[in-house]
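>>> no letters, just coordinates:
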């Protein structure tokens, strides 16, 4: 390994490991469900007063095939905990510590996943983020992770795509249980910039509608849009900067030698009506990054529309815009599997008597 990369890796590990140990005292395991141990795919998220988002959020990820959820509740006062207590597939963890002081929840996340998620695929997202990938409409998460495992990779890169509407933010009201895509179905097709950070093995991405509207002519001062939310807990793993950067550093690139490269996206629904209150709330701003200062300068900005604006209908729209890769992943098979299939065809077999499964729905 390059000495510079090795030094960075050791530094990141030591700091994150110490912080994880120190902040573990802030984590309280309120209700760990029995299903967590059996689950193979788990969604992990930190929330505070996001109860109205959770019904659709949970159902969306259930539909993708995730078997369990770990909610780290940071002092919600809107009934979130009571709401989740009735969900048999949700384990509830709480922390009364500072969200910002825990590196925006990362220290809590690292504590929980390394203690309870070894040998599982985890997806670390916020309550306003929805994971999409090529063919997610017909292939569940188990198919995607099986593909990733077959080519020896343990992570998946994504770009965060900010969604917005034609209306002022205050009019983007999303009722409980409603799909936020019905309110904010627009995104910026272009206007993204990337930079490869060799030392940290990370491709930083910035721009999009927030770069265009709130950080005009200085997009590198804006929020990072690159994330690695999906990782396999094949050993010790730690998120370093939200899910923008992960340790081991090799997970940030998700190399797929000799295979169809695939990436995903996180549809990000920040600009719903509830955002206005959060952006001007001094207590909320104190727990988040300095980018909130830019939002409060023109919180109900109505100039989101531009020549880059595109309507989102399916994941194909992101693929056509170059924001997602890997349309052909469902057709790729390891060479050893192809050779096995050829060998099987040369031998007597009863396979022709078995019903074939539909590629679309898995039914006979």
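Looks like it arrived, so ask away. Bear in mind that the values here come from a model prediction, so they are computed numbers and not experimental data.

>>> mean confidence for stretch 38-50?
Mean per-residue pLDDT for stretch 38-50: 96.

>>> span of it from start to end?
Using CA to CA, to the nearest Å, one end of stretch 38-50 lies 27 Å from the other.

>>> ok, and what's touching that stretch?
36, 54, 61, 65-78, 80, 99, 105, 108-109, 112-113, 117, 120-128, 141-142, 145 (CB atoms under 8 Å, 6 or more residues apart in numbering). Placement of C-beta: from N, CA and C, glycine included.

>>> out of the residues you listed, which sit inside helices?
Judged by DSSP state H, the subset of the contacts of stretch 38-50 located in helices is 36, 54, 61, 80, 108-109, 112-113, 141-142, 145.

>>> just among those residues, which is most surrounded?
Neighbour counts for the ones in helices among the contacts of stretch 38-50 peak at residue 109, which has 27 neighbours (criterion: other CB atoms under 10 Å).

>>> for that residue, give me its contacts.
44, 46, 72, 124, 239.

>>> for these, which two are the farthest from each other?
Spanning the widest gap among those are 72 and 239, at 12.6 Å by CB to CB.

>>> which one of these two is surrounded by more residues?
Per other CB under 10 Å, whichever of residue 72 and residue 239 has more neighbours is residue 239, with 27 against 23.

>>> contacting residues around the residue nearest to residue 305 when sequence neighbours are not counted?
The shortest distance from residue 305 to any non-neighbouring residue, by CB to CB, 6 or more residues apart in numbering, is to residue 166 (6.3 Å). Applying CB under 8 Å, 6+ apart, we find residue 166 in contact with 186, 304-305.

>>> make it 10 Å
172, 184-186, 302, 304-305, 309 (CB atoms under 10 Å, 6 or more residues apart in numbering).

>>> how much space between it and residue 250?
The gap separating residue 166 from residue 250 is 42 Å, by CB to CB, to the nearest Å.

>>> for residue 138, same thing?
30 Å.

>>> among the contacts of residue 166, which ones are buried?
Using 16 or more other CB atoms under 10 Å as the burial test, the contacts of residue 166 include 172, 184-186, 304 as buried.

>>> which ones among these map onto strands?
If you go by DSSP state E, those have residue 186 in strands.

>>> next, format the buried ones among the contacts of residue 166 as TSV and append distance to residue 85 and pLDDT.
Shown next, in TSV, are these (distance: CB to CB, whole Å; pLDDT from 0 to 100):
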residue	distance to residue 85	pLDDT
172	29	94
184	30	97
185	33	98
186	36	98
304	38	91
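
>>> got the buried ones among the contacts of residue 166 as JSON lines, with distance to residue 202 columns?
Below are these laid out as JSON lines (distance: CB to CB, whole Å):
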{"residue": "172", "distance to residue 202": "32"}
{"residue": "184", "distance to residue 202": "28"}
{"residue": "185", "distance to residue 202": "30"}
{"residue": "186", "distance to residue 202": "28"}
{"residue": "304", "distance to residue 202": "28"}
